[in-house]
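Novice: what follows is a protein structure lacking sequence information:
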(Lines give C-alpha, C1' and ligand atoms only; values in the text may rest on other atoms or scores of the structure.)
Protein backbone atom coordinates (compact mmCIF):
# COMPACT_ATOMS: atom_id res chain seq x y z
CA UNK A 1 0.00 0.00 0.00
CA UNK A 2 1.21 3.49 -0.91
CA UNK A 3 1.98 5.95 1.89
CA UNK A 4 -0.61 8.38 0.48
CA UNK A 5 -3.52 7.56 -1.82
CA UNK A 6 -5.86 10.21 -3.21
CA UNK A 7 -8.90 8.84 -5.04
CA UNK A 8 -11.33 10.97 -7.09
CA UNK A 9 -10.92 14.01 -4.85
CA UNK A 10 -13.65 16.60 -5.42
CA UNK A 11 -13.31 20.05 -3.81
CA UNK A 12 -15.95 22.76 -4.15
CA UNK A 13 -16.55 26.34 -3.06
CA UNK A 14 -20.08 27.36 -2.11
CA UNK A 15 -20.56 30.80 -3.66
CA UNK A 16 -23.68 32.94 -4.04
CA UNK A 17 -24.01 32.00 -7.69
CA UNK A 18 -23.72 28.31 -6.84
CA UNK A 19 -21.09 25.70 -6.15
CA UNK A 20 -17.81 25.90 -8.04
CA UNK A 21 -15.72 22.76 -8.48
CA UNK A 22 -12.11 23.69 -7.76
CA UNK A 23 -10.89 20.08 -8.06
CA UNK A 24 -12.53 17.26 -9.94
CA UNK A 25 -11.64 13.57 -9.87
CA UNK A 26 -8.03 14.14 -8.73
CA UNK A 27 -6.37 10.76 -8.26
CA UNK A 28 -2.73 9.99 -7.45
CA UNK A 29 -0.53 8.11 -4.99
CA UNK A 30 2.75 8.75 -3.19
CA UNK A 31 5.20 6.11 -2.00
CA UNK A 32 7.38 6.46 1.09
CA UNK A 33 10.45 8.56 0.24
CA UNK A 34 9.12 9.43 -3.24
CA UNK A 35 9.28 12.93 -4.74
CA UNK A 36 6.20 14.08 -6.65
CA UNK A 37 5.84 17.34 -8.57
CA UNK A 38 2.54 19.13 -9.28
CA UNK A 39 2.73 21.71 -12.09
CA UNK A 40 0.37 24.00 -13.97
CA UNK A 41 -0.53 27.65 -14.43
CA UNK A 42 -1.98 29.83 -11.69
CA UNK A 43 -5.56 28.73 -11.08
CA UNK A 44 -4.94 25.13 -12.14
CA UNK A 45 -5.73 23.83 -8.64
CA UNK A 46 -2.23 22.91 -7.42
CA UNK A 47 -2.40 24.66 -4.04
CA UNK A 48 -6.02 23.63 -3.45
CA UNK A 49 -4.96 20.01 -3.96
CA UNK A 50 -2.15 20.40 -1.43
CA UNK A 51 -4.31 22.17 1.15
CA UNK A 52 -7.01 19.52 0.74
CA UNK A 53 -4.67 16.77 1.92
CA UNK A 54 -4.72 18.27 5.42
CA UNK A 55 -8.20 19.76 5.13
CA UNK A 56 -6.78 23.28 5.35
CA UNK A 57 -9.28 24.72 2.88
CA UNK A 58 -10.96 27.81 4.28
CA UNK A 59 -14.72 28.24 4.06
CA UNK A 60 -16.67 28.42 1.79
CA UNK A 61 -14.46 25.65 0.41
CA UNK A 62 -15.09 22.03 1.35
CA UNK A 63 -14.23 18.49 0.29
CA UNK A 64 -17.34 17.26 -1.55
CA UNK A 65 -16.17 13.74 -2.35
CA UNK A 66 -13.31 11.32 -2.77
CA UNK A 67 -10.87 9.67 -0.40
CA UNK A 68 -7.50 10.67 1.07
CA UNK A 69 -5.81 7.66 2.67
CA UNK A 70 -2.59 8.32 4.60
CA UNK A 71 -0.74 5.26 5.89
CA UNK A 72 -4.04 3.35 5.95
CA UNK A 73 -5.93 6.15 7.75
CA UNK A 74 -8.83 7.98 6.00
CA UNK A 75 -8.01 11.67 6.53
CA UNK A 76 -11.35 12.85 5.14
CA UNK A 77 -13.17 11.03 7.95
CA UNK A 78 -11.03 12.38 10.79
CA UNK A 79 -12.18 14.98 13.30
CA UNK A 80 -10.34 18.28 13.65
CA UNK A 81 -8.69 17.01 16.82
CA UNK A 82 -7.43 13.86 15.09
CA UNK A 83 -6.13 15.88 12.15
CA UNK A 84 -4.05 18.08 14.49
CA UNK A 85 -2.03 14.99 15.39
CA UNK A 86 -1.18 14.54 11.70
CA UNK A 87 -0.57 18.16 10.68
CA UNK A 88 2.99 19.28 11.33
CA UNK A 89 3.75 15.94 12.91
CA UNK A 90 3.51 13.29 10.20
CA UNK A 91 2.71 15.64 7.29
CA UNK A 92 4.46 19.02 7.25
CA UNK A 93 3.90 21.94 4.92
CA UNK A 94 6.20 24.64 3.58
CA UNK A 95 4.29 27.70 2.36
CA UNK A 96 5.26 30.24 -0.30
CA UNK A 97 6.01 33.21 1.95
CA UNK A 98 7.95 32.51 5.18
CA UNK A 99 6.97 35.90 6.65
CA UNK A 100 3.33 34.80 6.48
CA UNK A 101 4.21 31.51 8.21
CA UNK A 102 6.49 32.72 11.00
CA UNK A 103 5.03 34.65 13.93
CA UNK A 104 6.68 38.12 13.94
CA UNK A 105 6.35 38.58 17.72
CA UNK A 106 7.97 35.29 18.76
CA UNK A 107 11.65 34.39 18.47
CA UNK A 108 12.64 31.54 16.15
CA UNK A 109 13.50 29.37 19.16
CA UNK A 110 10.12 29.97 20.85
CA UNK A 111 8.26 29.01 17.67
CA UNK A 112 10.26 25.81 17.19
CA UNK A 113 9.92 24.83 20.85
CA UNK A 114 6.17 25.49 20.73
CA UNK A 115 5.83 23.24 17.68
CA UNK A 116 7.73 20.40 19.35
CA UNK A 117 5.87 20.60 22.65
CA UNK A 118 2.52 20.60 20.86
CA UNK A 119 3.20 17.06 19.63
CA UNK A 120 5.71 15.59 22.10
CA UNK A 121 5.93 15.42 25.87
CA UNK A 122 9.42 16.85 26.28
CA UNK A 123 11.04 19.62 28.32
CA UNK A 124 11.85 23.06 26.93
CA UNK A 125 15.55 22.26 27.21
CA UNK A 126 15.17 19.09 25.12
CA UNK A 127 13.03 20.94 22.58
CA UNK A 128 15.66 23.68 22.16
CA UNK A 129 18.34 21.03 21.64
CA UNK A 130 16.30 19.43 18.84
CA UNK A 131 15.59 22.87 17.33
CA UNK A 132 19.30 23.71 17.37
CA UNK A 133 20.13 20.40 15.66
CA UNK A 134 17.61 21.11 12.88
CA UNK A 135 19.03 24.60 12.32
CA UNK A 136 22.46 23.04 11.89
CA UNK A 137 21.03 20.55 9.38
CA UNK A 138 19.68 23.35 7.20
CA UNK A 139 23.10 25.03 7.34
CA UNK A 140 22.04 28.19 9.22
CA UNK A 141 25.18 30.11 10.27
CA UNK A 142 25.52 30.74 14.02
CA UNK A 143 22.42 28.63 14.86
CA UNK A 144 22.65 29.37 18.62
CA UNK A 145 22.30 33.08 17.87
CA UNK A 146 19.42 32.56 15.38
CA UNK A 147 17.29 30.78 17.99
CA UNK A 148 16.89 34.03 19.91
CA UNK A 149 16.34 36.26 16.87
CA UNK A 150 13.03 37.32 15.34
CA UNK A 151 11.91 36.71 11.73
CA UNK A 152 12.40 40.35 10.65
CA UNK A 153 16.08 40.13 11.62
CA UNK A 154 16.77 37.41 9.05
CA UNK A 155 17.14 37.44 5.27
CA UNK A 156 14.57 35.78 2.99
CA UNK A 157 16.87 32.81 2.34
CA UNK A 158 17.46 32.29 6.07
CA UNK A 159 13.76 32.50 6.83
CA UNK A 160 13.04 29.83 4.23
CA UNK A 161 15.74 27.60 5.72
CA UNK A 162 14.11 28.01 9.12
CA UNK A 163 10.73 27.01 7.63
CA UNK A 164 12.38 23.85 6.27
CA UNK A 165 13.93 23.20 9.70
CA UNK A 166 10.49 23.55 11.33
CA UNK A 167 9.01 21.19 8.73
CA UNK A 168 11.64 18.58 9.68
CA UNK A 169 11.31 19.07 13.46
CA UNK A 170 9.07 16.08 14.10
CA UNK A 171 10.54 13.72 11.47
CA UNK A 172 7.48 13.76 9.19
CA UNK A 173 6.65 11.13 6.57
CA UNK A 174 5.64 13.75 3.98
CA UNK A 175 6.60 17.36 3.30
CA UNK A 176 4.31 19.41 1.08
CA UNK A 177 6.23 22.36 -0.40
CA UNK A 178 3.95 24.96 -2.00
CA UNK A 179 6.23 26.97 -4.30
CA UNK A 180 8.89 27.25 -1.57
CA UNK A 181 11.27 29.51 -3.52
CA UNK A 182 8.87 32.00 -5.15
CA UNK A 183 10.02 35.05 -3.14
CA UNK A 184 13.76 34.33 -3.47
CA UNK A 185 16.32 35.30 -6.08
CA UNK A 186 17.60 32.67 -8.51
CA UNK A 187 20.86 31.77 -6.74
CA UNK A 188 19.13 31.38 -3.37
CA UNK A 189 16.36 29.33 -5.03
CA UNK A 190 18.92 26.80 -6.26
CA UNK A 191 20.52 26.54 -2.81
CA UNK A 192 17.16 26.04 -1.05
CA UNK A 193 15.98 23.37 -3.52
CA UNK A 194 19.30 21.50 -3.30
CA UNK A 195 19.07 21.62 0.51
CA UNK A 196 15.45 20.42 0.54
CA UNK A 197 16.26 17.55 -1.80
CA UNK A 198 19.28 16.46 0.24
CA UNK A 199 17.34 16.55 3.51
CA UNK A 200 14.42 14.57 2.07
CA UNK A 201 16.82 11.92 0.81
CA UNK A 202 18.78 11.70 4.07
CA UNK A 203 15.60 11.53 6.22
CA UNK A 204 13.69 9.28 3.75
CA UNK A 205 10.87 11.85 3.63
CA UNK A 206 8.37 11.90 0.76
CA UNK A 207 8.04 15.28 -0.98
CA UNK A 208 5.14 16.88 -2.83
CA UNK A 209 6.54 19.88 -4.69
CA UNK A 210 4.11 22.45 -6.12
CA UNK A 211 5.72 24.80 -8.59
CA UNK A 212 5.50 26.64 -11.92
CA UNK A 213 9.14 25.83 -12.67
CA UNK A 214 9.42 22.78 -14.90
CA UNK A 215 13.22 23.02 -14.67
CA UNK A 216 13.06 22.45 -10.90
CA UNK A 217 10.55 19.62 -11.31
CA UNK A 218 12.79 17.85 -13.83
CA UNK A 219 15.77 17.98 -11.43
CA UNK A 220 14.04 17.23 -8.12
CA UNK A 221 11.05 14.94 -8.67
CA UNK A 222 10.61 11.35 -9.77
CA UNK A 223 6.97 11.59 -10.84
CA UNK A 224 4.79 14.53 -11.79
CA UNK A 225 1.17 15.59 -12.23
CA UNK A 226 0.15 18.25 -14.74
CA UNK A 227 -3.03 20.07 -13.71
CA UNK A 228 -5.39 22.24 -15.73
CA UNK A 229 -8.64 23.87 -14.57
CA UNK A 230 -8.89 21.72 -11.44
CA UNK A 231 -8.17 18.40 -13.12
CA UNK A 232 -5.09 16.22 -13.58
CA UNK A 233 -4.56 15.95 -17.35
CA UNK A 234 -1.25 14.04 -17.42
CA UNK A 235 0.75 12.08 -14.88
CA UNK A 236 3.69 9.71 -14.92
CA UNK A 237 7.47 9.53 -14.50
CA UNK A 238 9.00 13.01 -14.65
CA UNK A 239 11.73 12.06 -17.09
CA UNK A 240 9.25 10.50 -19.51
CA UNK A 241 6.89 13.49 -19.45
CA UNK A 242 9.70 16.03 -19.84
CA UNK A 243 11.28 14.11 -22.74
CA UNK A 244 8.03 13.14 -24.50
CA UNK A 245 5.00 15.16 -23.32
CA UNK A 246 1.74 13.69 -24.61
CA UNK A 247 -0.92 16.27 -23.71
CA UNK A 248 -0.94 19.46 -25.84
CA UNK A 249 -1.01 21.56 -22.64
CA UNK A 250 2.11 19.86 -21.28
CA UNK A 251 3.79 20.41 -24.65
CA UNK A 252 2.83 24.09 -24.46
CA UNK A 253 4.29 24.45 -20.94
CA UNK A 254 7.60 22.94 -22.05
CA UNK A 255 7.74 25.00 -25.25
CA UNK A 256 7.22 28.15 -23.16
CA UNK A 257 10.53 27.63 -21.34
CA UNK A 258 13.04 30.38 -22.30
CA UNK A 259 15.61 27.86 -23.55
CA UNK A 260 13.10 26.54 -26.09
CA UNK A 261 12.86 29.90 -27.91
CA UNK A 262 15.12 31.06 -30.74
CA UNK A 263 17.58 33.71 -29.47
CA UNK A 264 16.40 37.21 -30.40
CA UNK A 265 12.80 36.16 -31.00
CA UNK A 266 9.67 36.20 -28.84
CA UNK A 267 9.21 33.48 -26.27
CA UNK A 268 6.75 30.73 -27.12
CA UNK A 269 3.47 30.93 -25.26
CA UNK A 270 0.17 29.13 -24.97
CA UNK A 271 -2.50 31.34 -26.53
CA UNK A 272 -5.36 32.49 -24.36
CA UNK A 273 -5.60 32.04 -20.60
CA UNK A 274 -6.87 29.61 -17.99
CA UNK A 275 -10.70 29.56 -18.02
CA UNK A 276 -12.69 30.65 -14.99
CA UNK A 277 -13.92 27.72 -12.90
CA UNK A 278 -17.38 29.32 -12.96
CA UNK A 279 -17.49 29.16 -16.78
CA UNK A 280 -15.56 26.09 -17.87
CA UNK A 281 -15.76 25.23 -21.59
CA UNK A 282 -17.70 22.13 -22.58
CA UNK A 283 -15.80 18.94 -23.31
CA UNK A 284 -12.05 19.23 -22.78
CA UNK A 285 -11.41 22.40 -20.76
CA UNK A 286 -8.24 23.05 -22.80
CA UNK A 287 -9.87 22.86 -26.25
CA UNK A 288 -10.25 26.67 -26.81
CA UNK A 289 -6.45 27.03 -26.46
CA UNK A 290 -5.39 23.76 -28.11
CA UNK A 291 -3.36 23.83 -31.34
CA UNK A 292 -4.34 20.23 -32.12
CA UNK A 293 -8.11 20.45 -31.92
CA UNK A 294 -8.41 19.96 -35.70
CA UNK A 295 -7.85 16.63 -37.44
CA UNK A 296 -5.45 16.15 -40.34
CA UNK A 297 -8.29 17.00 -42.76
CA UNK A 298 -8.88 20.35 -41.00
CA UNK A 299 -12.18 19.38 -39.37
CA UNK A 300 -12.39 19.97 -35.60
CA UNK A 301 -12.58 16.97 -33.30
CA UNK A 302 -16.16 17.06 -32.05
CA UNK A 303 -15.20 14.91 -29.04
CA UNK A 304 -12.85 17.66 -27.80
CA UNK A 305 -15.73 20.14 -27.78
CA UNK A 306 -18.46 17.84 -26.42
CA UNK A 307 -16.88 15.18 -24.20
CA UNK A 308 -14.62 15.38 -21.16
CA UNK A 309 -11.67 13.12 -22.08
CA UNK A 310 -11.00 10.02 -20.03
CA UNK A 311 -7.52 8.74 -19.23
CA UNK A 312 -5.55 6.58 -21.65
CA UNK A 313 -2.20 4.94 -20.98
CA UNK A 314 0.71 5.98 -23.17
CA UNK A 315 4.02 4.41 -22.18
CA UNK A 316 4.21 4.75 -18.39
CA UNK A 317 2.00 7.87 -18.40
CA UNK A 318 -1.74 8.45 -18.10
CA UNK A 319 -3.12 11.20 -20.33
CA UNK A 320 -6.60 12.76 -20.57
CA UNK A 321 -6.72 13.73 -24.26
CA UNK A 322 -8.95 12.68 -27.17
CA UNK A 323 -6.13 13.23 -29.70
CA UNK A 324 -3.77 10.91 -27.82
CA UNK A 325 -6.57 8.31 -27.54
CA UNK A 326 -7.09 8.49 -31.32
CA UNK A 327 -3.37 8.12 -32.04
CA UNK A 328 -3.09 5.12 -29.73
CA UNK A 329 -6.14 3.50 -31.34
CA UNK A 330 -4.73 4.07 -34.84
CA UNK A 331 -1.42 2.55 -33.75
CA UNK A 332 -3.20 -0.47 -32.28
CA UNK A 333 -5.20 -1.05 -35.49
CA UNK A 334 -2.04 -0.85 -37.60
CA UNK A 335 -0.30 -3.40 -35.41
CA UNK A 336 -3.30 -5.76 -35.66
CA UNK A 337 -3.59 -5.43 -39.45
CA UNK A 338 -1.75 -8.35 -41.13
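Specialist: Arrived safely. No experiment lies behind these values; they were computed from the predicted model shown.
Novice: what's the helix or strand of the chain with the lowest mean pLDDT in contact with?
Specialist: Sorted by mean pLDDT, DSSP states H and E, the helices and strands of the chain end with helix 98-101, the least confident at a mean of 77. Residues outside helix 98-101 that contact it (Cβ atoms under 8 Å, 6 or more residues apart in numbering) are 95, 151, 156, 159, 160, 162, 163, 183. For every residue, glycine as well, the C-beta is placed using N, CA and C.
Novice: buried sites along that helix?
Specialist: By neighbour count, with 16 or more other Cβ atoms under 10 Å as the criterion, the buried positions of helix 98-101 are 98, 101.
Novice: so what secondary structure elements neighbour the following helix or strand past that helix?
Specialist: Note on helix 98-101: by DSSP states H and E, the next helix or strand toward the C-terminus is helix 108-119. Judged by 3 or more Cβ pairs under 8 Å, 6 or more residues apart in numbering; DSSP states H and E, the packing partners of helix 108-119 are helix 124-137, helix 143-147, helix 156-168.
Novice: so residue 24 sits against residue 44, correct?
Specialist: No. Taking contact to mean Cβ atoms under 8 Å, the distance of 12.0 Å between residue 24 and residue 44 leaves them out of contact.
Novice: can you pull the contacts of residue 35?
Specialist: The contact partners of residue 35, taken as Cβ under 8 Å, 6+ apart, are 197, 200, 206, 207, 209, 220, 221, 222, 223.
Novice: tabulate those (CSV), appending secondary structure, distance to residue 268 and pLDDT.
Specialist: Written out in CSV, the entries for the contacts of residue 35 read as follows (DSSP: H, G, I helix; E, B strand; the rest coil; distance: Cβ to Cβ, whole Å; pLDDT from 0 to 100):
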residue, secondary structure, distance to residue 268, pLDDT
197, helix, 28, 90
200, helix, 32, 90
206, strand, 33, 95
207, strand, 29, 95
209, strand, 24, 95
220, helix, 24, 91
221, coil, 23, 95
222, coil, 27, 96
223, strand, 25, 96
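Novice: just the buried residues from the residues you listed, in PyMOL please.
Specialist: Taking 16+ other Cβ under 10 Å as the burial criterion, the selection of buried members of the contacts of residue 35 in PyMOL is written as:
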select buried, resi 197+200+206+207+209+220+221+223
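Novice: looking at residue 24 and residue 44, which is more packed in?
Specialist: Regarding residue 24 and residue 44, a neighbour count based on other Cβ atoms under 10 Å identifies residue 44 as having more, with 25 against 22.
Novice: assign that one to helix, strand or coil.
Specialist: Under DSSP: H, G, I helix; E, B strand; the rest coil, the three-state class of residue 44 is coil.
Novice: hang on, it packs against residue 229?
Specialist: Yes. Using Cβ under 8 Å, residue 44 makes contact with residue 229 at a distance of 6.7 Å.
Novice: about what we covered before: ok now the least confident helix or strand of the chain, how far from the chain's centre?
Specialist: 19 Å (Cα atoms, centre = their mean, to the nearest Å).
Novice: over to stretch 209-222?
Specialist: On Cα atoms, centre = their mean, the centre of stretch 209-222 falls 9 Å from the chain's centre.
Novice: now swap in stretch 124-132 and tell me
Specialist: Here stretch 124-132 is found 31 Å from its chain centre; the criterion is Cα atoms, centre = their mean.
Novice: now swap in stretch 165-184 and tell me
Specialist: With Cα atoms, centre = their mean as the basis, the distance from the averaged C-alpha position of stretch 165-184 to the chain average is 12 Å.
Novice: stretch 188-207 now?
Specialist: Going by Cα atoms, centre = their mean, where stretch 188-207 is centred and where its chain is centred differ by 15 Å.
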